[in-house]
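J.: Pasting a predicted model and its sequence here:
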Amino acid sequence: MKRFVGLIEVTRLEFAEIRRSRWLAMTLIVYGVLVGIFVLVGLRESSVLGFTGLGRVLLNFSHALIALLPLLALSATVQVVPRAREDGSLELLMSQPVSRFDYFAGVALSRMIALIAPLILLALGMAIFGGPILGGELPWNYLGMMLLAASTLIIAFVGIGMMISVFGKNQSRSLIYALVVWALGIAFLDFAIVALMLQWRIEPAAVFTLAVVNPVECARLLLLSSAEPELNILGPVGFFLANRLGIGWLAVIGALWPTCLGFGMMWGAWSQFKRSDLLA
């Protein structure tokens, strides 16, 4: 237990900083506004992919999260290390009985918890109060897939954010890098991949490989395969994926790749952080 005292203390300090900066409150407000919007939309009687009422709200909310969570995770992490270097807090903290690993792991862990915990509470709130308001049964399988996809996406982009934060020379440059990464992730959901297919008519396997590299697309495939196993919404690409890979492998790839990417990025960021200068 003594081994983790430093990690626990750093995590506690980072949570205090998150609360002080009101970043956590902003995250809760964003989640709440999204749910409110989709509750209003869900009051209509039309259906999406067979989902109505509460299920429709959950479906729309989960796909909005796919675009929102990478931006929240990046904004929470990319400026942490450059800011600590610039204001001297990193040097001050390292003069205390806290290791570099404790600091690095505490920053990453606090951000992951701060993003995932409100989602779990929100899902429980929708499960308890959503049914009486919107009617219909809660699709528990899809709710579980939504939390899984959101968690793996947060891990992926916290890892990418920590990588940018460690290698970033200052806060402004790190923020620009984060916006570029987020824009590429969203662009390669559809727009950029369709443009590549039209321009060079690349093979479906190459299209799928490009999609799998993008953790945002992985999370989206995980959600779509759980909502519509035939993947008709994706047209010929969906037919190729459903018949060549199957829903089981799509779910495994959609959950494992973002997680592996996130922890791989954290390992790379840690390798650089442990040998870098505190004032660099």
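T.: In hand now; what should we look at? Remember, predicted model here, so these are calculated numbers, not experimental data.
J.: and Ser89, what is it in contact with?
T.: Arg83 (CB atoms under 8 Å, 6 or more residues apart in numbering). For every residue, glycine as well, the C-beta is placed using N, CA and C.
J.: distance of it from Glu9?
T.: To Glu9, Ser89 is 14 Å away according to CB to CB, to the nearest Å.
J.: ditto for Met265
T.: In terms of CB to CB, Met265 sits 25 Å off from Glu9.
J.: Look at these two and report which has more neighbours.
T.: Neighbour totals were compared for Met265 and Glu9, and Met265 leads with 22 against 17 (other CB atoms under 10 Å).
J.: my guess is that one meets Gly159, correct?
T.: Yes: with contacts counted by CB atoms under 8 Å, Met265 reaches Gly159, the gap being 3.3 Å.
J.: how many neighbours does Asn243 have?
T.: Per other CB under 10 Å, the neighbour tally for Asn243 reads 10.
J.: Where does it sit, in terms of helix or strand?
T.: helix 236-244 (DSSP states H and E).
J.: Ser110 too?
T.: Ser110 belongs to helix 100-125, assigned by DSSP H and E.
J.: What of Pro258?
T.: Per DSSP H and E: helix 246-273 holds Pro258.
J.: what pLDDT, on average, does that helix get?
T.: Helix 246-273 carries an average pLDDT of 87.
J.: repeat for stretch 58-68
T.: Stretch 58-68 comes out with an average pLDDT of 80.
J.: Then stretch 106-121?
T.: 88.
J.: distance between it and the chain's centre?
T.: In terms of CA atoms, centre = their mean, to the nearest Å, the centre of stretch 106-121 is found 11 Å from the chain centre.
J.: Contacts for that stretch next, please.
T.: 6-7, 9-11, 13-15, 18, 23-24, 27-28, 31, 65, 69, 72-73, 76-77, 80-81, 147, 150-151, 154-155, 158-159, 161-162, 266.
J.: List only buried entries from those.
T.: 6-7, 9-11, 13-15, 18, 23-24, 27, 31, 65, 69, 72-73, 76-77, 80-81, 147, 150-151, 154-155, 158-159, 161-162, 266 (16 or more other CB atoms under 10 Å).
J.: what helices or strands is the host helix or strand of Met26 leaning on?
T.: Assessed by DSSP H and E, Met26 sits inside helix 23-42. Where contact means 3 or more CB pairs under 8 Å, 6 or more residues apart in numbering; DSSP states H and E, helix 23-42 is packed against helix 54-77, helix 100-125, helix 131-134.
J.: Which one of those lies nearest to Val181?
T.: helix 54-77 (6.6 Å; CB to CB).
J.: now the closest one against helix 100-125, angle please.
T.: Relative orientation of helix 54-77 versus helix 100-125 (axes from the mean of the first three to the mean of the last three CA atoms, to 10 degrees): 160 degrees.
J.: Low-confidence bits of this structure, can you list those?
T.: Across the chain, the ranges flagged by pLDDT under 70 are 1-3, 35, 38-55, 130-136, 190-202, 204-205, 208, 227-242, 245, 278-280.
J.: mind running it again at 80?
T.: The chain contains residues with pLDDT under 80 at 1-6, 18-63, 123, 125-139, 187-212, 221, 223-251, 253-254, 276-280.
J.: in it, what residue sits furthest out from the centroid?
T.: Ser95 (33.1 Å; CA atoms, centre = their mean).
J.: give me phi/psi at that one?
T.: phi -80, psi -10 (degrees, to the nearest 10).
J.: Which elements pack onto the helix or strand containing Glu217?
T.: Here Glu217, judged by DSSP H and E, is contained in helix 215-227. The contact analysis (3+ CB pairs under 8 Å, 6+ apart) places helix 215-227 against helix 54-77, helix 140-167, helix 171-187, helix 204-213, helix 236-244, helix 246-273.
J.: For that helix, list every residue counted as buried.
T.: For helix 215-227, burial by neighbour count (16+ other CB under 10 Å) applies to 215-227.
J.: Between helix 246-273 and it, find me the angle.
T.: 150 degrees.
J.: Helix 215-227 vs helix 171-187, what angle?
T.: Using the same axes, to 10 degrees: helix 215-227 against helix 171-187 is 40 degrees.
J.: by how many degrees do helix 215-227 and helix 140-167 diverge?
T.: Using the same axes, to 10 degrees, helix 215-227 lies at 170 degrees relative to helix 140-167.
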